[in-house]
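Visitor: have a look at this prediction, sequence included:
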Amino acid sequence: MSISPSARQVLAQRIAGEIILSSKPGVTMRKWRQLFVISQTRLSERMKLSPSVISDYESGRRKSPGTRFVRRFVWALLAIDKDRGNRFAKEFAHLLTSPSAAILDIRELPLPVIAEHFCKAISAEVVACSERLGAEICGYTLVDSVKAMETLAGWEFLRIFGATTERALIFTNVEDEAFPMVSVRVSMLKPRMVVFQGSFPQELSIKLAEYDGILLAHSEAPTVEHLAKLLRRLYRVLLRRKMGRPVHNSVTRI
């Protein structure tokens, strides 16, 4: 399977966008470097830098990298992957061309919203890691948990993360309450928040959420349709705010 320039560009934009938007860009850089299975030394050689530069960014000893450095970082990852036969890029390209029926809706928010307000907007009660309610949510994915359990495996599970991991993964029609958090636990990528619609999170899910430091909540929305409506309303409120238009909405105050 060959990799088209457009697929490579999409992958580059996704990685760069997540790093630039991240509240901890160094941590996000380390995550992507490890996903590509590239050492700091190998990456620094490709970028013609001292290994300590990469280490300092990833540890937070250096200030956030500028867009020019992020661009060099991303294309160095892709260049090394290309030398290895495009192993990572091939997997990503496969995900781009294989839409899943398990994903009911996936969006990047026009503006970040703190988790506390996100929960209020979708009538969600926090059950784990409430100390993270001040974290920003930059997107959401609405997932049919039954279809996800039947169809998503391995790399395919990464589809639900969209353009950034700083998002809420919302699992609907949860019947096997262990599935969402077990899936997240074994995934290389971690979301900022997980929301259940259906079964209430039990002890195992709460423990897994606390172990990974993931905000866990349960939405009281009675149906998937109602939950989707709440999410779309939140999206519209944020979009109007971004465009500088007045917002006549008492559901969310952001």
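Guide: Structure received. Everything quoted here is computed from the prediction, not taken from an experiment.
Visitor: my guess is residue 199 meets residue 173, correct?
Guide: No: with contact defined as CB atoms under 8 Å, residue 199 does not count as touching residue 173 (9.0 Å). All C-beta atoms are positioned from the backbone trio N, CA, C, and that covers glycine.
Visitor: what residues of stretch 222-230 count as buried?
Guide: For stretch 222-230, burial by neighbour count (16 or more other CB atoms under 10 Å) applies to 224, 227-228, 230.
Visitor: now it: average pLDDT?
Guide: Mean per-residue pLDDT for stretch 222-230: 90.
Visitor: give me the contact list for it.
Guide: By CB atoms under 8 Å, 6 or more residues apart in numbering, the list of residues contacting stretch 222-230 from outside reads 104-105, 121-123, 142, 144, 170, 172-173, 197, 219, 221, 251.
Visitor: among these, which lie within strands?
Guide: Mapping these onto strands (DSSP state E) picks out 104-105, 142, 144, 170, 172-173, 197, 219.
Visitor: if we can go back for a sec, from the contacts of stretch 222-230, pick the one nearest residue 44.
Guide: Comparing those against residue 44 with CB to CB picks out residue 170 as the nearest, at 38.8 Å.
Visitor: tell me how many other residues surround that closest one.
Guide: Per other CB atoms under 10 Å, the neighbour tally for residue 170 reads 29.
Visitor: for residue 194, see how far away it is.
Guide: Distance from residue 170 to residue 194, counting by CB to CB, to the nearest Å: 8 Å.
Visitor: residues contacting the closest residue in space to residue 60 that isn't next to it in sequence?
Guide: In this structure, residue 60 finds its nearest non-sequential neighbour in residue 26, 5.0 Å apart by CB to CB, 6 or more residues apart in numbering. Residues in contact with residue 26, defined by CB under 8 Å, 6+ apart, are 57-60, 62, 64-65.
Visitor: same deal with residue 58?
Guide: The contact partners of residue 58, by CB under 8 Å, 6+ apart, come to 26-27, 29-30, 33, 40.
Visitor: which of the residues you listed count as buried?
Guide: Here, 16+ other CB under 10 Å leaves 26, 29-30, 33, 40 buried among the contacts of residue 58.
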